[in-house]
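Enquirer: have a look; sequence and predicted model below, questions after that.
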Amino acid sequence: MGTVNGILGLFCAACTLVLVFSLQRQQAIQHTKESGIFHWMLVTSFIMLLLEGVSWFFFGTHPAVFRVLATLTMLSLIVLLGLYSDYVEIQLKLNSLFSRRIRQINYALCGFLTVLWVANGIRPFFYEYETLRLIPSFGTVLVVLSVGVVFLDNVFLICVSRDKIGQEQFIIMMFLPLMPVVGFIPSIFGSSLRLLFPMTFFTMLANYVRLFNLQYASLDSQREKLHSLQIRSTTERMKPHYIYNVLTSIYYLCETDPPLAQKAVGTFSDYLRSVLENLDAGGLIPFEQEMQTIRSYLSLEQLRFGDRFSVEFDITTDQFLLPPFSVQPLVENAVKHGVGQTNRPGEIIVESYETPTHYIVAVRDNCGGFDVEHFQHTKSNFGLRYIQKILDLTVNGKMKIESEVGAGTTVTIQIPKE
């Protein structure tokens, strides 16, 4: 049975070592006070299980070596008890004088247990290593009472905080103080199979899974918050950008055709209303709503440019969502960098359609054109960089730019259906 105990201990030690390295990788992403203390609990558990596993290969053949290793194993368990008291307090977010007093009592009891086990290792007076049995004595009573108080203190704190941590976490946190006690019961009745330390490993595994789930949920929540902040920050930067461009268009009309400028102000009010609605949407909007902004914008620009360009809409589908102002900047670029850079009449086409896997939106013009590679590296293409960023953040969409100097530009947006 000694060999079975040894193999079982070494197997649990190897599994615990895997948990140690796994937790280290998690801490590289998100390090918390709780994960820090639990890391030392895992390290202590590994040392304890390693000593436990190795000690059994000396049982019966080298009693002195077995006694030393078994004593060190128990000392590791006592250290683990002390660390668990810290872990409970951190996890339950306890910071009262009462909880500190309980932790101090547990520290004192762990120190007392350390003295008892060292003394017993020198000269057994409550545990006999040759027979693996407790010796009926006052020392045995002291050990049992001390361990019992430490366990009960932690159980009490966990039970008091049950409503705060939830049912699932309550059950998992109760594993560590209770399951080793269950594993120690066979030894009391003379069984040579040692389940105390393997049961400790399984409780550490359960707590590792709980901690991993908590950290994953926390990290996922932080990513969602960062995601929302990135979208909001980028969108807020677009407010002055669009309003400035529209006011510039009206400014030119005031110089060239004041009556038309007056008409443009009315059109601008419609445009501004759609702009503000889109900015306040806080998420994705229907493509139809985006088209309202585009139509208002193009109406303003046609007032300014007159017959210098025509507009064609080829909308075959509008039953999908997209980020606000993900198409309007493309139309704006077609006017500003297309129609605005040439003296010949131009045409702007806005189309939408769908494939089995994507919704497609394209904006085409037959004016101007530019060097795509050069344009991508300039600092003046904020609108296009905004679209690329916002599509990626919100709908995992892609944007493709095709342009030829003197021939025109086509910008295509692809939005996955799933």
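Expert: Everything's here; your move.

Enquirer: what segments of the chain are helices?
Expert: Ranges of helices in the chain, per DSSP state H, are 2-29, 33-55, 63-91, 97-122, 138-160, 162-165, 167-188, 196-256, 258-279, 287-305, 328-333, 372-376, 382-394.

Enquirer: mean neighbour count, those: which tops it?
Expert: Highest mean neighbour count among these (mean count of other CB atoms under 10 Å): helix 328-333, with a mean of 24. (C-beta placed from N, C-alpha, C; glycine too.)

Enquirer: hang on, the earlier thing: among the helices of the chain, which is nearest Arg344?
Expert: helix 287-305 (12.2 Å; CB to CB).

Enquirer: could you dump the closest one to PDB, C-alpha only?
Expert: Only the C-alpha atoms of helix 287-305 are listed here, as PDB (Å, rounded to 0.1, in the frame of the first residue of the first chain):
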ATOM      1  CA  PHE A 287     -28.600  50.600 -42.800                       C
ATOM      2  CA  GLU A 288     -31.700  52.500 -43.700                       C
ATOM      3  CA  GLN A 289     -31.000  55.000 -40.900                       C
ATOM      4  CA  GLU A 290     -27.400  55.500 -42.300                       C
ATOM      5  CA  MET A 291     -28.900  56.100 -45.700                       C
ATOM      6  CA  GLN A 292     -31.100  59.000 -44.300                       C
ATOM      7  CA  THR A 293     -27.900  60.800 -43.300                       C
ATOM      8  CA  ILE A 294     -26.300  60.100 -46.700                       C
ATOM      9  CA  ARG A 295     -29.200  61.400 -48.600                       C
ATOM     10  CA  SER A 296     -29.300  64.600 -46.500                       C
ATOM     11  CA  TYR A 297     -25.600  65.100 -46.900                       C
ATOM     12  CA  LEU A 298     -25.700  64.600 -50.700                       C
ATOM     13  CA  SER A 299     -28.700  67.000 -50.900                       C
ATOM     14  CA  LEU A 300     -26.500  69.700 -49.300                       C
ATOM     15  CA  GLU A 301     -23.600  69.000 -51.600                       C
ATOM     16  CA  GLN A 302     -25.700  69.100 -54.700                       C
ATOM     17  CA  LEU A 303     -27.000  72.500 -53.600                       C
ATOM     18  CA  ARG A 304     -23.400  73.600 -53.500                       C
ATOM     19  CA  PHE A 305     -22.100  71.900 -56.700                       C
END
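
Enquirer: how far does it sit from the chain's center?
Expert: How far helix 287-305 lies from its chain's middle: 40 Å, per CA atoms, centre = their mean, to the nearest Å.

Enquirer: just checking, what packs against it?
Expert: For helix 287-305, the packing partners by 3 or more CB pairs under 8 Å, 6 or more residues apart in numbering; DSSP states H and E come out as helix 196-256, helix 258-279, strand 309-315, strand 321-322, helix 328-333, strand 346-354.

Enquirer: picking that back up, nearest to Val363 among the helices of the chain would be which one?
Expert: Across these, Val363 has its closest neighbour in helix 328-333 (4.0 Å, CB to CB).

Enquirer: excluding its backbone neighbours, what's nearest Ala261?
Expert: Among residues not flanking Ala261 along the chain, Leu253 sits closest, at 3.9 Å (CB to CB, 6 or more residues apart in numbering).

Enquirer: next one: the one you found, what pLDDT does it get?
Expert: Note for Leu253: predicted pLDDT of 75.

Enquirer: dump the residue contacts of it.
Expert: Residues near Leu253 by CB atoms under 8 Å, 6 or more residues apart in numbering: Leu260, Ala261, Ala264, Leu303, Arg304.

Enquirer: mind checking how far Leu17 is from Val43?
Expert: With distances taken as CB to CB, to the nearest Å, Leu17 is found 9 Å from Val43.

Enquirer: do Phe175 as well
Expert: For Phe175, the distance to Val43 equals 19 Å [CB to CB].

Enquirer: what does Val160 give?
Expert: For Val160, the distance to Val43 - CB to CB - is 29 Å.

Enquirer: again, but for Phe170
Expert: Per CB to CB, Phe170 is found 26 Å from Val43.

Enquirer: pull the contacting residues for Leu69.
Expert: Per CB under 8 Å, 6+ apart, neighbours of Leu69: Leu51, Glu52, Val54, Ser55, Phe58.

Enquirer: Gln328 too?
Expert: With contacts taken as CB under 8 Å, 6+ apart, Gln328 has the following neighbours: Tyr242, Glu290, Thr293, Ile294, Tyr297.

Enquirer: check pLDDT for the residues you listed and point me to the minimum.
Expert: For these, the pLDDT minimum is Tyr242, 57.

Enquirer: Gln91 against Lys33, yeah?
Expert: No. Applying CB atoms under 8 Å, one finds Gln91 not in contact with Lys33, separated by 9.7 Å.

Enquirer: ok so, going back, show me the two of the contacts of Gln328 that sit farthest apart.
Expert: Across the contacts of Gln328, the longest distance by CB to CB is 12.8 Å; it joins Tyr242 and Glu290.

Enquirer: overlap in contacts of the two?
Expert: Contact criterion CB under 8 Å, 6+ apart; residues shared by Tyr242 and Glu290: Phe325, Gln328.

Enquirer: what's the neighbour count on Glu128?
Expert: Using other CB atoms under 10 Å, Glu128 has 12 neighbouring residues.

Enquirer: shaky segments in this structure?
Expert: For the chain, the stretches with pLDDT under 70 are 1, 27-30, 176-177, 179-193, 215-243, 245-246, 275, 278-282, 374-383.

Enquirer: switch the cut-off to 50
Expert: Within the chain, the stretches falling below the threshold (pLDDT under 50) are 229, 233-234, 237-238.

Enquirer: wait, doesn't Asp365 sit right on Gly338?
Expert: Yes. Between Asp365 and Gly338 there is a contact under CB under 8 Å: 3.9 Å.

Enquirer: what's the overlap in contacts for the two?
Expert: Jointly contacting Asp365 and Gly338 under the rule CB under 8 Å, 6+ apart are Phe309, Gly346, Ile348, Gly408, Thr409.

Enquirer: farthest pair within the residues you listed?
Expert: Phe309 and Thr409 (13.4 Å).

Enquirer: which residues do these two both contact?
Expert: Taking CB under 8 Å, 6+ apart as the contact rule, Phe309 and Thr409 both touch Gly338, Asp365.
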